[in-house]
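[1] Have a look at this prediction, sequence included:
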Amino acid sequence: MSIESIISKIQELKDEYVSYFKPVDDADIHLYESKVPFSLPEAYLEFLRFSNGIIICGDEMLGINNQPFDLVRAYDMEHYQTAFPMPDYIVPFAPDGGGNYYCFDTSDSNRIVFWTSNYEYSATDRPEVVNHDFCDWFHEVMLEWSIDIIGSDIFKS
């Protein structure tokens with residue numbers, strides 16, 4: 001699935017089920033990239049040019065410089081302020097509502113992993129890969145799971 005098809009699908013959702021944020025521009029992305037030691041997937045950055053984070057049926061995906069839905073803030077908290085800090089290469093971008101996160105694994109082609117916050121991972125016991133890329137994750141978790149819960153009423157017509 002492509003970013004274009006994801007955005008098209010989101011635009012079919014009723015307004016009551018989706019909250020958008022002001023898109024970021026390339027200058028904001030370049031400023032952000034100069035402050036962090038990792039690269040984010042282009043598909044995620046392209047999505048941020050559409051909406052700087054999003055909420056669908058209560059499920060959040062973080063943006064950049066979008067308080068309180070800020071990826072950098074979540075990264076800092078999960079790396080420096082927790083009992084079981086994330087390694088530098090793990091970048092949280094979507095909370096699950098229970099203290100855990102879907103994350104980009106920047107050491108492994110930005111595959112999507114699920115980070116359990118109260119578990120101590122090791123070099124040989126790493127977080128589970130749940131999707132191979134951002135688009136697959138967004139389609140499954142943000143769209144399909146919401147459709148499964150709400151049903152066809154989630155769509156405008």
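    Looks like it came in fine.
[2] so how many other residues sit close to the closest residue to I90 other than its chain neighbours?
    Excluding the flanking residues, the one nearest I90 by C-beta to C-beta, 6 or more residues apart in numbering is C103, at 4.8 Å. For the C-beta atoms, the positions are set from N, CA and C on the backbone; glycine is no exception. As a burial measure, C103 scores 24 neighbours (other C-beta atoms under 10 Å).
[3] cool, P85 as well?
    14.
[4] now do G63
    There are 25 residues near G63, going by other C-beta under 10 Å.
[5] do the same with S34
    When neighbours are defined as other C-beta under 10 Å, S34 has 7 of them.
[6] now swap in the one 4 residues further on and tell me
    F38 has 14 neighbours, counted by other C-beta under 10 Å.
[7] and it, what is it in contact with?
    88-89, 91, 104, 106 (C-beta atoms under 8 Å, 6 or more residues apart in numbering).
[8] Could you say whether F93 sits in a helix, a strand or coil?
    Judged by DSSP: H, G, I helix; E, B strand; the rest coil, the three-state class of F93 is strand.
[9] so which pair among the contacts of F38 is furthest apart in space?
    Among those, the pair separated by the greatest distance (C-beta to C-beta) is D88 and F104, at 12.0 Å.
[10] So which of the two has more stuff around it?
    F104 (26 against 13).
[11] For D133, see how far away the more buried one is.
    10 Å (C-beta to C-beta, to the nearest Å).
[12] what's the overlap in contacts for those two?
    In contact with both F104 and D133: 41, 110-112, using C-beta under 8 Å, 6+ apart.
[13] got the residues you listed as a markdown table, with distance to S2, secondary structure and pLDDT columns?
    Converted to a markdown table, the shared contacts of F104 and D133 look like this (distance: C-beta to C-beta, whole Å; DSSP: H, G, I helix; E, B strand; the rest coil; pLDDT from 0 to 100):
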| residue | distance to S2 | secondary structure | pLDDT |
| --- | --- | --- | --- |
| P41 | 13 | coil | 95 |
| N110 | 16 | coil | 96 |
| R111 | 18 | strand | 98 |
| I112 | 16 | strand | 98 |
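[14] Lovely, talk soon.
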